[in-house]
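> pasting a predicted model and its sequence here:
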Amino acid sequence: MLDLTNTPVLNYQTIDTIKHQANGDEAIINEIFESFVYDVQNMIIQINVAIENSDYKQFKLIIHTIKGLSATIGASQLHIVSKEIDLLLKEDKQEEAARYIPYLAQIYDDCKKLVKEKFNIV
């Protein structure tokens, strides 16, 4: 698996940019991160269903979406892992990409925990 030792879970510079763009409105900021947590959790479930059904087109679409969302929100580790999976899928290495999903889920859980603490999300 990838070595994420020197990669922060969250990129606080990106988060500061989001806060600036939201004019510091805590309700908007919390809604953005709450939506991110909920959406990615559902996407990981959808990925597992897609893999079970050998629906690699759907798998690729969802991973690409996670890659974009994680970059936008500043979820650095999640972005790196989803980017690697996306690359494997582009190379038609579906089985190798599928082996990364438990790791992706673990990285997501770490990110979710930190986001919930930072933004008081229940």
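Happy to help now that I have it. Given the structure is predicted, the values throughout are model-derived calculations rather than measurements.
> and stretch 23-39, how far from the chain's centre?
Per C-alpha atoms, centre = their mean, to the nearest Å, the displacement of stretch 23-39 from the mean C-alpha position of its chain is 15 Å.
> now tell me what touches it from outside.
Stretch 23-39 is contacted by residues 18-19, 22, 69, 73, 75, 112, 115-116, 118-121 when judged by C-beta atoms under 8 Å, 6 or more residues apart in numbering. For glycine as for every other residue, the C-beta is placed from the backbone atoms N, C-alpha and C.
> list the buried ones in stretch 10-30?
Buried positions in stretch 10-30, judged by neighbour count with 16 or more other C-beta atoms under 10 Å: L10, N11, T14, I15, K19, I29, N30.
> determine which two of those are furthest apart.
Put simply, by C-beta to C-beta the two of the buried residues of stretch 10-30 set farthest apart are N11 and N30, 18.1 Å from each other.
> do you know how far I51 is from D39?
Between I51 and D39 the distance is 19 Å, computed by C-beta to C-beta, to the nearest Å.
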